[in-house]
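Participant: give me coordinates for this.
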Amino acid sequence: MAVTEKCNVYSFGVLTLEILMGLHPGELISKLYSSVDNERIQLAEVLDPRLSLPTSQKLKDELDSFLNLAIWCLHADPNSRPTMYEVSQVLEMSCSYQREPRVS
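Facilitator: Residues are numbered from 1 along each chain as shown. Coordinates of the predicted model:
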């Protein structure tokens with residue numbers, strides 16, 4: 001396999017899952033690659049068990065967005081992974097969407 005930008009994207013996905021899970025996501029990655037029916041991974045399945053699940057729907061949505069982005073970055077076919085530019089666009093949209101306007 002040639003080293004390309006898509007390798008960095010994959011690494012970003014692994015790092016993102018490590019942050020969410022609190023450990024290396026090796027088993028989860030294996031599950032993603034062996035899943036025939038493309039079952040949806042739930043946030044509660046992967047969130048670090050030392051943390052409590054968020055109670056705010058806004059935070060749940062944001063963490064779910066990060067989880068989905070990480071899974072996209074781990075796609076088995078490198079050509080189906082996003083570019084880092086696309087990753088940055090998704091993160092930027094997520095951050096601007098989640099940001100509440102300040103009241104003066």
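Participant: so what does the helix or strand bottoming out on mean pLDDT in the chain touch, helix or strand wise?
Facilitator: Evaluated with mean pLDDT, DSSP states H and E, the helix-and-strand set of the chain has its lowest mean pLDDT in helix 84-98, which scores a mean of 84. Helices and strands touching helix 84-98, as assessed by 3 or more Cβ pairs under 8 Å, 6 or more residues apart in numbering; DSSP states H and E, comprise helix 5-21, helix 57-73. In this view, the C-beta of every residue, glycine as well, is placed from N, C-alpha and C.
Participant: now those helices in a markdown table, with distance to Tyr85?
Facilitator: Supplementary listing: the helices and strands packed on helix 84-98 in a markdown table, determined by distance: least, Cβ to Cβ, whole Å:
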| stretch | distance to Tyr85 |
| --- | --- |
| helix 5-21 | 9 |
| helix 57-73 | 13 |
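Participant: so for Met93, which of those sits nearest?
Facilitator: Distances from Met93 to each of these were compared using Cβ to Cβ; the minimum, 9.1 Å, belongs to helix 57-73.
Participant: buried stuff in the closest one?
Facilitator: Within helix 57-73, the residues that qualify as buried by neighbour count (16 or more other Cβ atoms under 10 Å) are Glu62, Leu63, Ser65, Phe66, Leu67, Leu69, Ala70, Ile71, Trp72, Cys73.
Participant: nearest to Pro25, of the residues you listed?
Facilitator: Distance ranking of those against Pro25, using Cβ to Cβ, places Ala70 first at 8.3 Å.
Participant: for the closest residue to that closest one other than its chain neighbours, what are its contacts?
Facilitator: Taking Cβ to Cβ, 6 or more residues apart in numbering as the measure, Ala70 lies nearest to Thr16, with 3.8 Å between them; neighbours along the chain are not counted. Each residue near Thr16 by Cβ atoms under 8 Å, 6 or more residues apart in numbering is listed here: Phe66, Leu67, Leu69, Ala70, Cys73.
Participant: need the contact list for the closest residue to the third one other than its chain neighbours.
Facilitator: Leaving aside its chain neighbours, Leu69 sits nearest to Val90 (5.5 Å; criterion: Cβ to Cβ, 6+ apart). Applying Cβ under 8 Å, 6+ apart, one finds that Val90 lies in contact with Ser65, Leu69, Pro82.
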